[in-house]
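*Asks:* mind folding the following:
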Amino acid sequence: MKPTLALMAVSALLLASCNRTDTTPVVEPTVDPATMAPAAPVVGQAVELQQVPGLSRAGLQQLAAVTNPSNPDLDPDLKTLLALFGSKVPQYINPTGIGTLVQGFGGQSRVTAQALNDVQDLLPTGTVTYAADGTRSYAAAPTDGYVEIDQRNNTRIEAKWKVGGAATVLINSGTRFNPQTNQLQQVQQEVPTNAAVSLSAAGKVLAALAFKMTPGACVNLAGPTALSLSGWAGRDTNSPARVSLDYAWTDQKVSLSASALYRTTTQKVSSDVKLDIAGTTSDRCGTNFTFTPTRANVTGTLDIPSYKTDLTVYLRNLSNLTINASTLKAQNPFAKIGGTANASLTFNDKPVMTAFGPLADGTDMNLQPGDQVLVQYVKNGQLVKTDVDGAVKDVREVFGVPF
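*Replies:* This next block holds a predicted model:
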């Protein structure tokens, strides 16, 4: 009986092992895409280098045609917005810089002289009303925002500079010549840290912008530590125009993501950019501010109808690269850089150019990094294999840029 029982026990164990249900997930090892060399462009399948300038021009022309306000396919809600607010729309709903946000509003910003050579441009406050006959009146409220009412077309512009009681900050914005004193004045611009702007007609919001900023301890030396912006125009749901921006700089990394979208009734244009740089920031608020990157990911897509471009760049194990005031003034700040590069450029999902290899200077005599990076592209029906310097020369040649 003992052998039989032993055989039955072994059989049961084998069956159990074959039919058991293991709820533990299998974790596959993560492969860093930077380590995988991009496939070389193939003659007859790739976009040839000499075609790129013409495609670039055609793409920009297509972009201009799609986004032209006179386009007959302009979204109806966006058309209404432009008809009511005209040139004020790009002035208020603009992701390109803080200055447009805070200095717009028809020159309504307040200027306060602090000293002989110091002036502050303050955010506009109060309410400006244009009556049906065009008469302009002003009221001091609100003191933490700005409102512009136009009774002629029943429109309203409202800016809230201190959402949730947030403070504002003064940022150095250059100098201005004062003809009365014949001196240059240091100009400071008041900037919100949490703001919201809206454009409405007959009580319906037609465009909105939200802006947040974490100035940090030394915004005038190293910029803000975080910033976000989002805006839409036309309508909030399925917007014909939308933008967003998120930026952060911590002691360990720098990150940036931005996107924009524009729709007509028949076409769409979009762009997306993401940047992540890992590294170390030291003495951010001092005189020896330094950033030492160790790796970076850069991805970008510009999607224009019939003209889609994608760019991917991976940098790994960066060394001998320090960014500070002195190195930026050096003749060749990247001369001793180390690490690896992996990059690819495609057009309409067809390869244009790839690059892969060590960044450090090799055995050639020019003492420039990049000669160990294998750059590949198709030009005049031939696959070209060269280094960074050779690729730059070919790109300059096809674009007609003098050497």
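*Asks:* show me what contacts the residue nearest to R136 when sequence neighbours are not counted?
*Replies:* What sits nearest to R136 in space, not counting adjacent residues and going by Cβ to Cβ, 6 or more residues apart in numbering, is Y130, at 5.7 Å. Where you see a C-beta, it was placed from the backbone N, CA and C, and this is true even at glycine. Y130 sits next to R136, E148, I149, D150, Q151, R152 when contact means Cβ atoms under 8 Å, 6 or more residues apart in numbering.
*Asks:* out of these, who's nearest A65?
*Replies:* Within those, the smallest distance to A65 is 31.7 Å, found for D150 (Cβ to Cβ).
*Asks:* so where's the stretch 251-400 of the chain uncertain?
*Replies:* Low-confidence segments of the stretch 251-400 of the chain (pLDDT under 70): 365-367.
*Asks:* all strands for it, in order.
*Replies:* 253-263, 268-282, 290-304, 307-319, 338-347, 350-358, 374-379, 382-386 (DSSP state E, counting those that start in this stretch).
*Asks:* neighbouring strands for the first one, and are they parallel or not?
*Replies:* Strands adjacent to strand 253-263 in the sheet, as given by DSSP bridges, are strand 241-249 (antiparallel), strand 268-282 (antiparallel).
*Asks:* next one: the shortest one to chain centre, how far?
*Replies:* So that's strand 241-249. Chain-centre distance of strand 241-249: 6 Å, with Cα atoms, centre = their mean, to the nearest Å.
*Asks:* could you give the angle of it to strand 290-304?
*Replies:* 170 degrees (axes from the mean of the first three to the mean of the last three Cα atoms, to 10 degrees).
*Asks:* and for the last one?
*Replies:* Angle between the axes of strand 268-282 and strand 290-304 is 170 degrees (criterion: the same axes, to 10 degrees).
*Asks:* so for strand 268-282, what gets flagged as buried?
*Replies:* Applying a neighbour-count criterion of 16 or more other Cβ atoms under 10 Å, one finds V269, S271, D272, V273, L275, I277, A278, G279, T281 buried in strand 268-282.
*Asks:* N238 belongs to a helix?
*Replies:* No: looking at N238 with DSSP: H, G, I helix; E, B strand; the rest coil, it is coil, so not inside a helix.
*Asks:* for Q186, see how far away G174 is.
*Replies:* Look at G174 and Q186: by Cβ to Cβ, to the nearest Å, they are 8 Å apart.
*Asks:* tell me the most buried of the strands of the stretch 251-400 of the chain?
*Replies:* strand 374-379 (a mean of 22; mean count of other Cβ atoms under 10 Å).
*Asks:* quick check: neighbours of that strand in the sheet, parallel or antiparallel?
*Replies:* Here strand 374-379 has these sheet partners by DSSP bridges: strand 350-358 (antiparallel), strand 382-386 (antiparallel).
*Asks:* kindly reformat those strands as TSV containing distance to A46.
*Replies:* Below are these laid out as TSV (distance: least, Cβ to Cβ, whole Å):
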stretch	distance to A46
strand 350-358	5
strand 382-386	8
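*Asks:* more neighbours, G174 and Q186?
*Replies:* Taking neighbours as other Cβ atoms under 10 Å, G174 and Q186 compare with Q186 leading, 15 against 10.
*Asks:* please name the nearest non-neighbouring residue to that one.
*Replies:* D118 (5.1 Å).
*Asks:* please apply the same query to L81.
*Replies:* Leaving aside its sequence neighbours, L81 sits nearest to L206 (Cβ to Cβ, 6+ apart; 4.5 Å).
*Asks:* kindly report the same for F399.
*Replies:* Once flanking residues are discounted, F399 sits nearest to P53: 5.3 Å by Cβ to Cβ, 6+ apart.
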